[in-house]
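Peer 1: sequence first, then the predicted structure, then my questions.
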Number of protein chains: 2
Amino acid sequence: MPAPHLQSYKNRAAKHSNPAARALLRCMEAKKSNLAVSVDVTTTKDFFDIIEAVAPYVCLIKTHVDILEDWNPGVTTRLQHLSREHNFLIFEDRKFADIGNTVALQYSSGLYKISSWAHIVNAHPVPGPSIITGLASVGMKLQEERGLLLLAEMSTKGALTIGSYTVEAVRMAREHRDFVIGFIAQHRMESIGLSGTDDVVDEDFLILAPGVGLDSKGDAMGQQYRTPTEVVTQCGCDVIIVGRGIIGIGRDIDAEKVKEQARRYQTAGWEAYEKRIVTNQLLGE
Amino acid sequence: MPAPHLQSYKNRAAKHSNPAARALLRCMEAKKSNLAVSVDVTTTKDFFDIIEAVAPYVCLIKTHVDILEDWNPGVTTRLQHLSREHNFLIFEDRKFADIGNTVALQYSSGLYKISSWAHIVNAHPVPGPSIITGLASVGMKLQEERGLLLLAEMSTKGALTIGSYTVEAVRMAREHRDFVIGFIAQHRMESIGLSGTDDVVDEDFLILAPGVGLDSKGDAMGQQYRTPTEVVTQCGCDVIIVGRGIIGIGRDIDAEKVKEQARRYQTAGWEAYEKRIVTNQLLGE
């Protein structure tokens, strides 16, 4: 069996054990898009202006609902409606990072009730495996498509997601493959932390890579950028996460410009994916 | 100069460079309390029932406002009022864990506007130093007492806050001592990550220790407990953070029981502190 990233999204969708991962892979194949857009804005007007502009081009919308100044319960209702209408999944970039009991409440409760509308959330592995079991105690009980990504790597300067940190993150994920569908990372994780007794035949972790840009190399606050070719073709990541490259400063949205950039990144991401799997298809997948 | 934890809170308050740290140390001395109560509940009724019961006995109230089902802007107004009336500081246990640009927005914006009411917040060092500069770009601009704690250690099973992770956390803090006032940790950090060129004469990091309990050793979700004597006298931590030991399951609050437990932990924490500094005072601080 070829490594996951040498198989088509379609084939992986047919085999994945987690419903949220299946839904995402099917959507990627259907829309020919491995593009996630990061909607990091502070007003619901800008939020929906951007989402309505990029919706046809994305497989995933990444949100930070806690920075919206004028959030109200109608925001998540409208977001879910758009998700169904335009066929994309919702990823709340909450970066859970607390003990099991607390993250279970942060995921299910409070004003945002994230588990009721976000297909995918993420967490830092730093508190140990209890963060996964805490979140899974909520997400796995729902009849909805729910999955968790672990932050195995970060793209900021001086990030501590190195060495044994990344190894342990992958091991934790491997122990909880029913709920952990992959990683926020910069490259493939299959070879990391493997022991001789691990059963990895059906292992298929999705790699979602932030810090993707076609025009800029970084910002003043430590963010560093790479191109879709580097991220998808060379490093084998599955989804490119693009923020400012598409939404600009995120205020007074020019919908036509945002659409044009989204199309440009969708094309670049998909071509990078096609280049990656063609070798394997020539060999007869 | 003796190590910070061998000096009195009063002496440390007189010398600390950060206004939030000074305010906390002064409050500890004035109330003879190194007790922080963790108010992890999901309704504002339970939230304020607990805070009103424990207020006379604490130096700090630790909140998770994002798990309150019925949060509204009046909650933070009332909390600030209680903080002034009963002389305690507010610590929002947000565990920021994102890139600089995002944490700056999460701290200042959204519904919660945490920077407008929380004296103290905390962050994971995992994204690297940009998380500190991002938060400091908000907190240091305010005319209020604001400080940041880094999570150098966690008390859960299998936590990844070990080895070089903790070393790097302390180094980052040392580089940003104007805003980083200390650590969420299990013991002192002075000796960690020191290089020969570090100027640490005035270094005074507060150590706030979670996972403190007098009656229980742990829970089913990976939390592990230690006593005030272990935490304060033996390990030199400055503030004990107590949750379920005082608030129980956090529903249908019996104010008298909660008060009694708070008094009990206040006494235990203060006695543990007095035992710690007495040796040094005998030697003539």
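Peer 2: Ah, there it is.
Peer 1: doesn't residue A:95 fall inside a helix?
Peer 2: No - going by DSSP: H, G, I helix; E, B strand; the rest coil, the assignment for residue A:95 is strand, not a helix.
Peer 1: need the contact list for it.
Peer 2: Residues counted as contacts of residue A:95 (CB atoms under 8 Å, 6 or more residues apart in numbering or on different chains) are A:122-124, A:151, B:97-98. Backbone N, C-alpha and C define where each C-beta goes, glycine included.
Peer 1: quick one: which of these sit in strands?
Peer 2: A:122-123, A:151 (DSSP state E).
Peer 1: quick one on the thing from earlier: columns distance to residue A:232 and neighbour count on top of the contacts of residue A:95, output as TSV?
Peer 2: What follows is the contacts of residue A:95, written out as TSV (distance: CB to CB, whole Å; neighbours: other CB atoms under 10 Å in any protein chain shown):
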residue	distance to residue A:232	neighbour count
A:122	19	24
A:123	24	26
A:124	24	25
A:151	19	28
B:97	26	27
B:98	23	27
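Peer 1: I'd like those laid out as CSV, including pLDDT and distance to residue A:24.
Peer 2: Formatted as CSV, the entries for the contacts of residue A:95 read as follows, by pLDDT from 0 to 100; distance: CB to CB, whole Å:
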residue, pLDDT, distance to residue A:24
A:122, 98, 13
A:123, 98, 17
A:124, 98, 21
A:151, 97, 18
B:97, 98, 23
B:98, 97, 22
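Peer 1: most widely separated two among the residues you listed?
Peer 2: Pairwise distances across these peak at 12.3 Å for A:123 and B:98 (criterion: CB to CB).
Peer 1: so where does residue A:92 fall, helix or strand?
Peer 2: When elements are defined using DSSP states H and E, residue A:92 is found to belong to strand A:89-96.
Peer 1: can you tell me which residue is spatially central in chain A?
Peer 2: For chain A, residue A:208 is the residue whose C-alpha lies nearest the centre (CA atoms, centre = their mean; 4.6 Å).
Peer 1: now do the closest residue to it other than its chain neighbours against chain B, distance only.
Peer 2: Taking CB to CB, 6 or more residues apart in numbering or on different chains as the measure, residue A:208 lies nearest to residue A:239, with 4.3 Å between them; neighbours along the chain are not counted. Between residue A:239 and chain B the distance is 18 Å, computed by CB to the nearest CB, to the nearest Å.
Peer 1: surely residue A:239 meets residue A:58?
Peer 2: No - here residue A:239 does not reach residue A:58: they are 9.7 Å apart, not a contact under CB atoms under 8 Å.
Peer 1: tally of neighbours for residue A:197?
Peer 2: Using other CB atoms under 10 Å in any protein chain shown, residue A:197 is surrounded by 5 other residues.
Peer 1: separation between it and residue A:132?
Peer 2: Remark: distance between residue A:197 and residue A:132 (CB to CB, to the nearest Å) = 20 Å.
Peer 1: hmm, back to that, out of the ones in strands among the contacts of residue A:95, which comes closest to chain B?
Peer 2: residue A:151 (7.6 Å; CB to the nearest CB).
Peer 1: quick one: contacts for residue A:60?
Peer 2: Counting by CB under 8 Å, 6+ apart, residue A:60 touches A:24, A:27, A:35-37, A:88-91, A:120, A:208, A:239.
Peer 1: residues touching stretch A:64-78, excluding its own?
Peer 2: The set of residues that contact stretch A:64-78 without belonging to it, under CB under 8 Å, 6+ apart, is A:39-44, A:47-48, A:92-94, A:111-114, A:116-117, B:66, B:102, B:105-106, B:109-112.
Peer 1: how about stretch A:266-281?
Peer 2: Residues external to stretch A:266-281 that are found in contact with it (CB under 8 Å, 6+ apart): A:2, A:5-9, A:32-35, A:57-58, A:214, A:227-229, A:231-233, A:236, A:240, A:285.
Peer 1: 7 Å - rerun?
Peer 2: For stretch A:266-281, the surrounding residues in contact (CB atoms under 7 Å, 6 or more residues apart in numbering or on different chains) are A:2, A:5-6, A:8, A:32-35, A:57, A:214, A:228-229, A:232-233, A:236, A:240.
Peer 1: now do the buried residues in stretch A:200-215.
Peer 2: Neighbour counts using 16 or more other CB atoms under 10 Å in any protein chain shown place A:203-214 of stretch A:200-215 among the buried residues.
Peer 1: now name the helix or strand holding the residue nearest to residue A:198 when sequence neighbours are not counted.
Peer 2: In this structure, residue A:198 finds its nearest non-sequential neighbour in residue A:174, 6.2 Å apart by CB to CB, 6+ apart. Taking DSSP H and E as the criterion, residue A:174 maps to helix A:164-175.
Peer 1: interface residues of the stretch 51-200 of chain A facing chain B?
Peer 2: Counting by CB under 7 Å from any CB of the partner chain, the residues of the stretch 51-200 of chain A close to chain B are A:64, A:66-69, A:71, A:95, A:97-102, A:105-106, A:109-111, A:124-130, A:133-134, A:154, A:156-161, A:165, A:168.
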